[in-house]
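K.L.:
just the structure for this:
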Amino acid sequence: MRIGNERRSDDFEINVVSLIDVLLTLLMFFVLTTTFVEHSRLKVELPQASAEDRDMQPPAITIMVDRDGHFYVGSDEVTGEGVEPLKDTIARVAGDDRTQTVTIRADAMTAHQNVVTAMDALGQLGFTHLSIATTPTQSEAGK
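P.N.:
Predicted structure coming up:
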């Protein structure tokens, strides 16, 4: 005779219906309260390059970036790494006039970070007129 060792043969189950209800309620809450980004609000004008001659004054300052990431302000090479030596060279070449037009001439194979570094240095110094030099496309050059 076996006393105390009677096992119930009932199957054990978990009712997941209430868990699914809670998850669907949370999902609906997050979907309805999420801020949707409307890309149509962003008005971006992409740059264009053409071979037409413009009646523009030549830029007062030219910053050149070679393929290896070396900076040149006018004919002066920037010695040192980072933004500070670049800012010092630009400030020395430009003087006190921050309304001058600055042209960045970067090699097509240089890292994008080098161009951003030049733009950051110009922004920190207070320059507001900036252009990036491009070359005309092959179809425009043949015209």
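K.L.:
need the strands for this structure, in chain order.
P.N.:
Using DSSP state E, the strands of the chain run over 61-65, 71-73, 76-77, 101-106, 129-132.
K.L.:
who touches the last one?
P.N.:
Strand 129-132 has contacts (Cβ atoms under 8 Å, 6 or more residues apart in numbering) with Pro47, Pro59, Thr99, Gln100, Thr101, Val102, Thr103, Ile104, Ala106, Val115, Met119, Leu122. The way it works is simple: take the backbone N, C-alpha and C, and place the C-beta from them, glycine included.
K.L.:
burial count for the fourth one?
P.N.:
Pointing back at Gln100 there. Close neighbours of Gln100, defined as other Cβ atoms under 10 Å, add up to 15.
K.L.:
for it, give me its contacts.
P.N.:
Pro59, Ala60, Ile61, Ala94, Phe127, His129.
K.L.:
now Leu86. Nearest residue, chain neighbours left out?
P.N.:
Distance criterion Cβ to Cβ, 6 or more residues apart in numbering; nearest residue to Leu86, sequence neighbours excluded, is Ala121 at 4.5 Å.
K.L.:
sorry, that was for Val83
P.N.:
Ala121 (5.1 Å).
K.L.:
wait, the one you found sits on Lys87?
P.N.:
Yes - assessed by Cβ atoms under 8 Å, Ala121 is found in contact with Lys87 at 4.7 Å.
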